[in-house]
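Novice: Here's my sequence, what's the structure:
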Amino acid sequence: MTPDDIVALLREHWPRTVAALDPAAREELAAVLAALADATGERDTQAALRRLRRVLRALPDDHPVALALREAGAVRFSGTSETRVVDRVPVLALLAALHAPPERAADPDPVRARLLAAPALAAADVAAAPGDPGLIRLRHPELGDRYPRFQFAADGRDTARPLPVVGVINRLLMADRDPWGAADWWLGGNRWLRGVPADLLGSVPDEELARAARELVEGD
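Specialist: The predicted structure is shown next:
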């Protein structure tokens with residue numbers, strides 16, 4: 001597990017993590033996150049990570065973050081760069097969420113909050129394998145796995161079935177690896193299409209939607 005993996009783990013389970021810590025531990029968590037964001041090299045980063053893991057020892061044994069850290073063992077840096085630090089953007093997002101008013105403290109990422117607010121289905125309502133790489137699956141901190149509704153059409157049994165063009169495009173966007181990025185493409189404005197791709201399903205030819213996705217992928 002890398003330092004960035006630990007930050008991603010915290011983001012995934014943020015509301016539950018904050019709720020499990022007492023006020024003193026939350027204050028220490030804020031100080032540790034600030035130190036992690038300010039670290040300028042591997043030594044500073046490692047020191048902040050040691051403090052972070054001490055704070056997280058206060059989590060219940062069955063907490064998903066505690067379980068993942070126990071299974072991961074040592075923290076290792078990836079790559080060979082001389083300056084080894086974490087990505088500051090998600091760390092600062094967590095820090096901002098910790099200082100936010102109570103009604104916003106559970107939302108460390110406004111983009112994810114926007115995507116989770118879109119109409120979605122639970123796994124039980126989807127007529128497809130949960131691990132289908134052609135489907136976007138977003139993890140809701142309270143509701144579990146959610147599948148954005150635009151991906152499906154209802155069949156005669158009122159069971160949602162995936163739209164073929166959505167599966168093609170989701171594979172282009174590597175939705176199985178980056179579901180949030182794929183969801184943001186579908187639910188955000190697209191200058192090439194002059195609209196929101198999810199809203200254009202059925203009114204714009206499938207090939208035009210796929211071509212817009214290929215433009216993005218090939219442009220990268």
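Novice: counting residues per strand, which one in this protein is longest?
Specialist: Counting residues, the longest strand found in the chain (DSSP state E) is strand 144-148.
Novice: for that one, packing partners?
Specialist: Under the contact criterion of 3 or more CB pairs under 8 Å, 6 or more residues apart in numbering; DSSP states H and E, strand 144-148 touches strand 120-122, strand 138-140, helix 179-187. For glycine as for every other residue, the C-beta is placed from the backbone atoms N, C-alpha and C.
Novice: all helices for the protein, in order.
Specialist: 3-12, 14-20, 23-38, 42-56, 64-72, 88-99, 110-117, 164-172, 179-187, 197-200, 206-219 (DSSP state H).
Novice: report the angle between the axes of the third one and helix 3-12?
Specialist: Meaning helix 23-38. 140 degrees (axes from the mean of the first three to the mean of the last three CA atoms, to 10 degrees).
Novice: outside of helix 23-38, which residues touch it?
Specialist: For helix 23-38, the external contacting residues (CB atoms under 8 Å, 6 or more residues apart in numbering) are 3, 7, 18, 21, 44-45, 47-49, 51-52, 55, 58, 86, 88, 91-92, 94-95, 98-99.
Novice: Please point out which parts of that helix sit buried.
Specialist: Buried residues in helix 23-38, counting neighbours by 16 or more other CB atoms under 10 Å, are found at 25, 26, 28, 29, 32, 33, 35, 36, 37.
Novice: Would you mind splitting the protein into its domains for me?
Specialist: Listed by automatic domain parsing, the domain ranges of the chain are 3-107, 112-219.
Novice: and the gap between the most centrally placed residue in the chain and residue 206?
Specialist: By CA atoms, centre = their mean, the chain has its centre lying nearest to residue 180, at 5.7 Å. Residue 180 sits 23 Å away from residue 206 when distances are taken as CB to CB, to the nearest Å.
Novice: now do residue 218
Specialist: Distance, residue 218 to residue 206, using CB to CB: 18 Å.
Novice: what do you get for residue 166?
Specialist: 9 Å.
Novice: Which one's more surrounded, those two?
Specialist: Per other CB atoms under 10 Å, whichever of residue 166 and residue 206 has more neighbours is residue 166, with 25 against 15.
Novice: Just the pLDDT at the more buried one, thanks.
Specialist: pLDDT for residue 166: 94.
Novice: if you skip the residues just before and after it, what's nearest to it?
Specialist: If the residues on either side of it in the chain are set aside, residue 166 comes closest to residue 151, at 4.7 Å by CB to CB, 6 or more residues apart in numbering.
Novice: next one: phi and psi at residue 2?
Specialist: Backbone torsions for residue 2, taken as degrees, to the nearest 10, come to phi -90, psi 170.
Novice: got a pLDDT number for it?
Specialist: 79.
Novice: Neighbours of it, how many?
Specialist: So residue 2, with other CB under 10 Å, has 15 neighbours.
Novice: what do you get for residue 116?
Specialist: Neighbours around residue 116, by other CB under 10 Å: 20.
Novice: before we move on, what about residue 72?
Specialist: 14.
Novice: who's in contact with it?
Specialist: Residue 72 touches 1, 5, counting by CB under 8 Å, 6+ apart.
Novice: ok, it to residue 66 distance?
Specialist: Computed with CB to CB, the distance linking residue 72 and residue 66 is 11 Å.
Novice: cool, residue 26 as well?
Specialist: Per CB to CB, residue 26 is found 16 Å from residue 66.
Novice: same question, residue 113
Specialist: Taking CB to CB, one finds residue 113 at 25 Å from residue 66.
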